[in-house]
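Asks: test case, fold it:
(one chain, ligands or ions: 1)
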Amino acid sequence: MQAMTEQLKADLERLRQTASARLTDASDAASVDELRSTLLGRNGELTTLLKQLGDVPVAERPSIGQLANAVRGEVETAISRRLDELRGADLDRRLADESIDMSAPGRSVRVGHLHPLMMVERDLREIFHAFGFEIYEGPEIETEAMNFEALNIPPDHPARDLWDTLYVAEPGSVEQGLPRPAEDGTILRTHTSPVQVRAMLDLRPPIRIITPGRCFRYEAVDASHNFEFFQVEGLVVDRSTSLADLKGMLEQFARAMYGDGTRTRFRPGYYPFTEPSVAFDVNCLVCGGSGCPACSRTGWMTILGAGMVHPHVLRAGNIDPDEHQGYAFGMGLDRMTVLRYGIPDLRLLMGADLRFLEQFPMGA
Ligand code: PHE
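Replies: Next up is the predicted model:
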């Protein structure tokens with residue numbers, strides 16, 4: 001028995017002493033890992049030695065156990081030291097091999113810019129922000145009820161022809177080869193006006209919002225018409241709001257947008273959701289008002305439609321027309337953008353052609 005104890009002690013000592021030499025031989029991290037499991041792993045040398053502990057007299061076991069723990073601790077420390085050493089050597093080698101030329105010019109970052117439509121939209125947001133308007137957005141996919149009925153345009157009313165509509169198909173009908181409009185009346189909004197009603201249902205007066213957003217119409221596409229375009233809607237609802245307020249506000253807006261000398265005029269217009277309705281013109285931005293092809297020689301350009309919100313629309317928005325009145329206006333962002341930059345064809349705006357888009361650096 002005594003011999004057994006001595007033998008085990010000697011084996012443990014040998015493990016302790018040879019470990020460091022074997023580690024020095026391991027020349028990379030993978031071999032160190034391998035050595036770790038050879039020495040300390042579940043079937044490793046230390047474990048194998050400790051299996052003989054059962055043959056050692058009970059009284060001797062604690063001292064052998066202590067020795068084994070000490071050996072394990074030392075070997076583990078030696079392993080991590082060796083790993084550090086190898087990593088350091090690796091770094092030294094890379095530092096020696098690679099050179100960095102600190103004086104070489106950096107790679108320049110390509111700075112992008114906003115789409116021209118968004119630059120004009122941003123100017124509009126800023127101007128109306130200064131007038132106390134908030135941004136309120138609505139969905140591009142609408143219901144006929146919101147896009148038409150709530151705006152005082154009943155089904156089969158001839159005014160629907162003014163807003164040629166793109167319908168969302170009834171699920172399955174396309175696959176059957178018989179596409180038809182969705183039964184629940186889902187359409188792509190033809191203007192931002194339905195957001196007037198959404199805002200009235202959601203907010204309480206006083207309301208002062210603008211609604212920029214994408215709209216869709218079933219249009220024959222040409223240089224001045226697209227099936228996809230942007231509008232900016234405005235809505236004010238308050239006690240005793242009048243047409244004079246609308247007029248004053250729009251005149252100020254035109255000066256902020258196009259300069260102090262801008263001349264403006266109102267003409268009668270027609271929209272089912274405003275009464276009375278007006279068209280708002282500014283002097284031609286191309287010729288200044290003397291008459292040119294861009295303004296059909298009239299000297300004026302219509303930039304938006306507007307009017308006092310129709311009582312039916314206020315009611316659809318859950319607002320009592322005897323207590324509150326409002327005005328609304330809607331303008332085409334695409335038209336304002338082509339006018340500002342002298343862009344000859346509206347389709348360029350949606351073309352995603354970088355040769356076109358790169359001509360509009362910020363601040364221009
Ligand atoms: N929604 C109208 C259009 O698309 C514009 C408009 C908005 C007119 C608000 C009056 C009031 O043409």
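
Asks: all contacts plus neighbour counts: C-alpha atoms, from now on.
Replies: Fine.

Asks: check which residues of stretch 83-96 are buried.
Replies: For stretch 83-96, burial by neighbour count (16 or more other CA atoms under 10 Å) applies to 83, 86.

Asks: now do stretch 24-31
Replies: Judged by neighbour count (16+ other CA under 10 Å), stretch 24-31 contains these buried residues: 26, 28-29.

Asks: kindly report the same for stretch 323-333.
Replies: Buried residues in stretch 323-333 (16+ other CA under 10 Å): 324-333.

Asks: among the residues you listed, name the ones in helices.
Replies: Within the buried residues of stretch 323-333, residues falling in helices by DSSP state H are Leu333.

Asks: filter the buried residues of stretch 323-333 down to the ones near the ligand?
Replies: Counting by CA under 6 Å from any ligand atom, 328-330 from these sit close to the ligand.

Asks: before we move on, the earlier item: closest to the ligand among the buried residues of stretch 24-31?
Replies: For these, the minimum distance to the ligand (CA to the nearest ligand atom) is 71.1 Å, reached by Ala29.

Asks: how about the residues of this protein near the ligand?
Replies: The interface of the chain toward the ligand, taken as CA under 6 Å from any ligand atom, is made up of 191, 193, 271, 274, 305-307, 328-330.

Asks: next one, pLDDT for the residue of the stretch 1-150 of the chain found nearest the ligand please.
Replies: Closest approach between the stretch 1-150 of the chain and the ligand, counting by CA to the nearest ligand atom: Asn147, at 9.4 Å. Note for Asn147: predicted pLDDT of 96.

Asks: likewise for Ala364?
Replies: Looking at Ala364, its pLDDT is 48.

Asks: now Asn226
Replies: pLDDT, Asn226: 90.

Asks: one more: Trp300?
Replies: Trp300 is given a pLDDT of 92.

Asks: from the ligand, how far out is Gly185?
Replies: Using CA to the nearest ligand atom, to the nearest Å, we find Gly185 at a distance of 19 Å from the ligand.

Asks: tell me if I'm right that that residue and Ala145 touch.
Replies: Yes: with contact defined as CA atoms under 8 Å, Gly185 and Ala145 form a contacting pair (7.4 Å).

Asks: next secondary structure after the helix or strand encompassing Leu83?
Replies: Following DSSP states H and E, one finds Leu83 within helix 61-97. For helix 61-97, the following helix or strand on the C-terminal side (DSSP H and E) is helix 116-130.

Asks: so for that following helix, what gets flagged as buried?
Replies: Buried residues in helix 116-130, counting neighbours by 16+ other CA under 10 Å, are found at 116-117, 119-121, 124-125, 127-128.

Asks: what sits up against stretch 242-260?
Replies: The contact list for stretch 242-260, computed with CA atoms under 8 Å, 6 or more residues apart in numbering, reads 123-124, 127-128, 261-262, 264, 282, 307-308, 325-327.

Asks: domain assignment for the chain?
Replies: Segmentation of the chain into domains, based on automatic domain parsing, reads 2-95, 116-357.

Asks: adding distance to Val109, write the ones you listed out as TSV.
Replies: Listed next are these as TSV, based on distance: least, CA to CA, whole Å:
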stretch	distance to Val109
domain 2-95	28
domain 116-357	17
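
Asks: between these, which one is nearest to Gly106?
Replies: Among these, domain 2-95 comes nearest to Gly106, with 20.9 Å by CA to CA.

Asks: run the chain-centre distance for the closest one.
Replies: Remark: domain 2-95 is offset 57 Å from the chain centroid, using CA atoms, centre = their mean, to the nearest Å.

Asks: so Ala78 touches Ser20, yeah?
Replies: Yes: in this structure Ala78 lies within contact range of Ser20 using CA under 8 Å: 6.8 Å.

Asks: quick one: residues contacting the residue of the stretch 1-150 of the chain closest to the ligand.
Replies: Contacts for Asn147 (CA under 8 Å, 6+ apart) come out as 189-191, 193-194.

Asks: Thr165 is in contact with His191, isn't it?
Replies: No: counting by CA under 8 Å, Thr165 stays clear of His191, with 10.0 Å between them.

Asks: joint contacts of those two?
Replies: When contacts are counted by CA under 8 Å, 6+ apart, Thr165 and His191 are jointly contacted by Phe216.

Asks: which one of the two is surrounded by more residues?
Replies: For Thr165 versus His191, the count of surrounding residues by other CA atoms under 10 Å is larger for His191: 25 against 20.

Asks: which non-adjacent residue is nearest that one?
Replies: Cys215 (5.4 Å; CA to CA, 6 or more residues apart in numbering).

Asks: sec struct for the one you found, please.
Replies: At Cys215 the chain is in strand, as set by DSSP: H, G, I helix; E, B strand; the rest coil.

Asks: which residues are in contact with it?
Replies: 140, 188-192, 228-231.

Asks: out of the contacts of Asn147, list just those in helices.
Replies: Per DSSP H, helices hold the following members of the contacts of Asn147: Pro194.

Asks: circling back to that earlier point, export the buried residues of stretch 323-333 to CSV and tack on distance to Ala294?
Replies: Written out in CSV, the entries for the buried residues of stretch 323-333 read as follows (distance: CA to CA, whole Å):
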residue, distance to Ala294
His324, 40
Gln325, 37
Gly326, 33
Tyr327, 30
Ala328, 27
Phe329, 23
Gly330, 21
Met331, 18
Gly332, 16
Leu333, 17
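
Asks: need the pLDDT of the closest residue to Glu74 other than its chain neighbours.
Replies: Leaving aside its chain neighbours, Glu74 sits nearest to Arg16 (7.6 Å; criterion: CA to CA, 6+ apart). pLDDT recorded at Arg16 is 86.

Asks: residues near Arg16, how many?
Replies: Neighbour tally, Arg16, other CA under 10 Å: 21.

Asks: state the phi and psi torsions of it.
Replies: phi -60, psi -40 (degrees, to the nearest 10).
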